[in-house]
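Undergrad: Pasting a predicted model and its sequence here:
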Amino acid sequence: MGVLLYTSQRLSGRTFARVPARTVAYRHPVRPNNLASTNGDLHNMNLNMLGVATTVTLTVLASTAPVAANAQASAAANGLPFEVKPVGTFNNPWALAFLPNGNVLVTQKEGTLILFDPATGTRRTVSGTPAVSSKGQGALMDIVPAPDFAASKRLYFSYSEAGTGDSSRVVLATATLDPAGGALKDTKSIFRGQDATTGGHYSGRIGFSPDGKYLFFTSGDRQLFDPAQDPKSTLGKVLRLNLDGTPAAGNPLAAKGFDAAIWSYGHRNLLGIAFDRQGRLWEMEMGPRHGDEINLIKPGLNYGWPKVSNGNHYDGRDIPDHAPGDGFEAPKVSWNPAISPGGLAYYDADLFPKWKNSLFITGLSGQSLDRIRLDGENATKADHWDMGERIRAVRTGPDGAIWLLEDGPRGRLLMLTPKK
Ligand SMILES: [Ca+2]
């Protein structure tokens, strides 16, 4: 313990330094929660330890982290079917949201909210954000404008909040953005998850139903495993809430004694949620050791965690894979080896016409962007691009461009447009 490992990896002739990952003893099959930059590093460490990724080298360093080599976007774009334009740099960015005027809100892990104008590069820190516990995987997390934002200026966002002792919980909150854009007003929490002391798997993704009446909120298993199968626990679940944070009427399992907010269960760390144009709800979750998933979420179904997974425990213990007839809903797509997904977006814009009706998934350990082609209820892997950096977030912009946030203390906001 106490030895810092830094992995450096040479990909396509470019060398990148990774964020430090503290070594841990695997007595418990939990992805360690004390990683400075959260999810994904363990996938790499396991690969390294197994010698699977032969191009990866481990270096033991005694002191400070090497500064990440900030590869030129032009270099990273070589071989990619899109132009990559960096438009800003942020400190451990987590999520982004576009406002109707083209400005972007960016959440940063330690709890700051930045209002950024991509056209001019100007930025301001938005005041009025709540106190965030950013230990472990904690962060100011997702942010999504309300369906009526143009009139109400209301935002929904999520964050991790300290409880008593070492405990913490995921919180869903609302606030209004004042007309000048410099402050949150009337901030209030409308849903609080259950406390846990693990420091990880908050999830906290926000998605509005196409009719704007309901809010779907992802609540991770907090690295506690079994609560994902517990009918009374909101951990490891997709929740369907009213816009005031109360459980929506008619949720599918309430009559069976489940918590009234639960829409689906058996989930691990749900880091993406998106509706497609026909109103299907797609969800992405990070698997344990491999087994990252894309699921089609249907009301009342059990997605299996931790009873089944196409991944396995970090300590090597097997978890049965999904199999027909096992009573659990299998993922539509899964990854082995893992990409450690950070974000999910649905794409149906005109700027990349061939990619309409696709999902985009970012890779942290994968340093990647993946495209998933949708066809009704079917989903298939279509493209995998090496982006040369850990990618935390993805959103479709109002102009149809694809926007990414890199992970880490100098994570860039990237705009992807068709290659000229
Ligand atoms: Ca398995």
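TA: Cool, the structure landed. Numbers count the residues shown, from 1 in each chain.

Undergrad: what about the nearest residue to residue 311 once chain neighbours are set aside, neighbour count?
TA: Spatial nearest neighbour of residue 311, excluding adjacent residues (C-beta to C-beta, 6 or more residues apart in numbering): residue 291 at 2.4 Å. In short, each C-beta sits where N, CA and C put it, glycine included. Per other C-beta atoms under 10 Å, the neighbour tally for residue 291 reads 24.

Undergrad: Verify the stated contact: residue 291 with residue 338.
TA: Yes. If you go by C-beta atoms under 8 Å, residue 291 and residue 338 touch, sitting 7.1 Å apart.

Undergrad: Enumerate the residues of this structure near the ion.
TA: 312, 319, 321 (C-beta under 5 Å from the ion).

Undergrad: Swap in 6 Å and give it another go.
TA: Residues of the chain found near the ion (C-beta under 6 Å from the ion) are 309, 310, 311, 312, 318, 319, 320, 321.

Undergrad: now those: which count as buried?
TA: 309, 310, 311, 312, 319, 321 (16 or more other C-beta atoms under 10 Å).

Undergrad: Dump those to a markdown table, plus secondary structure and distance to residue 413.
TA: Listed next are those as a markdown table, based on DSSP: H, G, I helix; E, B strand; the rest coil; distance: C-beta to C-beta, whole Å:
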| residue | secondary structure | distance to residue 413 |
| --- | --- | --- |
| 309 | coil | 33 |
| 310 | coil | 32 |
| 311 | coil | 31 |
| 312 | strand | 35 |
| 319 | coil | 36 |
| 321 | coil | 37 |
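
Undergrad: picking up where we left off before, residues touching the residue nearest to residue 311, list them.
TA: Residue 291 is in contact with 309, 310, 311, 312, 319, 334, 335, 336, 338, counting by C-beta atoms under 8 Å, 6 or more residues apart in numbering.

Undergrad: would CSV of the residues you listed with pLDDT and distance to residue 296 be doable?
TA: Output for the contacts of residue 291, formatted as CSV (pLDDT from 0 to 100; distance: C-beta to C-beta, whole Å):
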residue, pLDDT, distance to residue 296
309, 95, 17
310, 96, 15
311, 95, 19
312, 95, 23
319, 96, 21
334, 97, 13
335, 97, 16
336, 95, 19
338, 96, 20
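
Undergrad: circling back: pull up the overlap in contacts between residue 291 and residue 338.
TA: With C-beta under 8 Å, 6+ apart as the test, residue 291 and residue 338 both reach residue 311.

Undergrad: and the residue nearest to residue 311, what are its phi and psi?
TA: Torsion angles at residue 291 (phi, psi; degrees, to the nearest 10) stand at phi 80, psi 30.

Undergrad: and it, how far is that from residue 366?
TA: Distance, residue 291 to residue 366, by C-beta to C-beta, to the nearest Å: 14 Å.

Undergrad: Show me whatever sits in contact with both of those two.
TA: Joint contacts of residue 291 and residue 366 (C-beta under 8 Å, 6+ apart) are 335, 338.
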